[in-house]
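Chemist: Next one to model:
(one chain, ligands or ions: 3)
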Amino acid sequence: MTDEDDDLQLDPNFADRFERDPRRPKCQLYLISPPTIGDDFAGTLAAALEAGPVAAFQLRLKGLDDHAIARLAEPLQKICADRDVAFIINDSIALAKRLGADGVHLGQEDGDAREARQILGPSVQIGVTCHDSRHLAMEAGEAGADYVAFGAFYPTQTKETHHQPDPSILSWWTTVFELPCVAIGGITPQNAKPLINAGADFLAVSGAVWNDPDGAAAAVRKFAALL
Ligand SMILES: Cc1ncc(COP(=O)(O)OP(=O)(O)O)c(N)n1
Ligand SMILES: Cc1ncsc1CCOP(=O)(O)O
Ligand SMILES: [Mg+2]
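Modeler: Residues are numbered from 1 along each chain as shown. Ligands and ions are numbered 1, 2, ... in the order given. Prediction:
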């Protein structure tokens, strides 16, 4: 929450009374890559994308420079394109431009959505991390983002997190704005339902897919059964 959020009163029971707007598209799965990948990842990704509907795949590799990420991205981008899955680059507007990615995801420290729009053009999707802040989300919307991301909703091993929104932020957002919202952070097939019911347009998931003991494809099927 930012200080500005204090001025925006929100009833904590809002999500309980909320009914998903039937005119809004159904909640969809948005896969986030593991922070490091091995040679076998392309096969795992292809199997995951074929196991059920996936709207988007974000390449989120940490500890590598843009050149190294670009090399790893090439086969993964093709796997996504062949299956009509949006290929999103994390963190770097320049890399998204260089690869001709379908989108870029920007954290609060990763650059400005307006600048991204200028560089990437009108048809590239721009997502912005908004943590647990309605204020940041409205700012992102005004800056021209294509989606806002709230989280981390649940504890996660994938990233050190400092914000934990209540699902009611999704209900509030979808009641007030048409712009899609993404829920992220520790989401599993077991804990996803409150986020879907609260109005999330996308569930962004990493660990619960790539670390599922039954395999990533089985994990996608488990999510697909809920959506
Ligand atoms: C869909 C989505 N939402 C949030 C994030 C987190 O982005 P950021 O805050 O920049 O943190 P890093 O992912 O860069 O560690 C995301 N990547 N995707
Ligand atoms: C990148 C990110 N931003 C907030 S939580 C998170 C991690 C998402 O991964 P997981 O689904 O494994 O919690
Ligand atoms: Mg980032």
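
Chemist: only C-alpha atoms for contact and neighbour calcs from this point on.
Modeler: OK.

Chemist: so where does Ala140 fall, helix or strand?
Modeler: Using DSSP states H and E, Ala140 sits in helix 134-142.

Chemist: Going C-terminal from that helix, what's the next secondary structure element?
Modeler: strand 147-151.

Chemist: Run me through the strand neighbours of that next one, direction for each.
Modeler: If you go by DSSP bridges, strand 147-151 pairs up with strand 125-129 (parallel), strand 181-184 (parallel).

Chemist: Is the helix or strand that it is followed by in proximity to ligand 1?
Modeler: Using DSSP H and E, the helix or strand that follows strand 147-151 in sequence is helix 168-176. No: figure legend: helix 168-176 not in contact with ligand 1 (Cα under 6 Å from any ligand atom); closest approach 13.6 Å.

Chemist: on that earlier part again, which one of the strands paired with strand 147-151 lies nearest to ligand 1?
Modeler: With Cα to the nearest ligand atom, the closest approach to ligand 1 among the strands paired with strand 147-151 belongs to strand 125-129: 4.7 Å.

Chemist: so which residue of the chain comes closest to ligand 1?
Modeler: Gly107 (3.0 Å).

Chemist: Could you pull out the buried residues of the helix holding Ala140?
Modeler: Neighbour-count burial for helix 134-142 flags 134-141 (criterion: 16 or more other Cα atoms under 10 Å).

Chemist: For the residue nearest to the spatial centre of the chain, give the beta-bridge partners.
Modeler: Nearest residue to the geometric centre of the chain (Cα atoms, centre = their mean): Ala204, 4.1 Å. For Ala204, the beta-bridge partners under DSSP bridges are Tyr30, Ile184.

Chemist: Surely it touches Gly186?
Modeler: No: contact between Ala204 and Gly186 fails when scored by Cα atoms under 8 Å: they sit 9.2 Å apart.

Chemist: circling back to that earlier point, would you reformat the strands paired with strand 147-151 as a markdown table and include mean neighbour count, mean pLDDT and distance to Ala192?
Modeler: Listed next are the strands paired with strand 147-151 as a markdown table, based on neighbours: other Cα atoms under 10 Å; pLDDT from 0 to 100; distance: least, Cα to Cα, whole Å:
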| stretch | mean neighbour count | mean pLDDT | distance to Ala192 |
| --- | --- | --- | --- |
| strand 125-129 | 25 | 98 | 19 |
| strand 181-184 | 26 | 98 | 9 |
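
Chemist: what's the closest of these to Val85?
Modeler: strand 125-129 (12.6 Å; Cα to Cα).

Chemist: between the closest one and helix 134-142, how many degrees?
Modeler: 160 degrees (axes from the mean of the first three to the mean of the last three Cα atoms, to 10 degrees).

Chemist: So is strand 125-129 next to ligand 1?
Modeler: Yes: Strand 125-129 reaches ligand 1 (Cα under 6 Å from any ligand atom) through Thr129.

Chemist: got the contact list for that strand?
Modeler: For strand 125-129, the external contacting residues (Cα atoms under 8 Å, 6 or more residues apart in numbering) are 88, 102-108, 113, 116-117, 137, 140, 144-150.

Chemist: re earlier: including distance to Lys159, could the strands paired with strand 147-151 go into JSON lines?
Modeler: JSON lines is the format used below for the strands paired with strand 147-151 (distance: least, Cα to Cα, whole Å):
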{"stretch": "strand 125-129", "distance to Lys159": "13"}
{"stretch": "strand 181-184", "distance to Lys159": "11"}
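
Chemist: Distance to ligand 3 for the ones you listed - can I get that in CSV?
Modeler: Formatted as CSV, the strands paired with strand 147-151 follow (distance: least, Cα to the ion, whole Å):
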stretch, distance to ligand 3
strand 125-129, 8
strand 181-184, 13
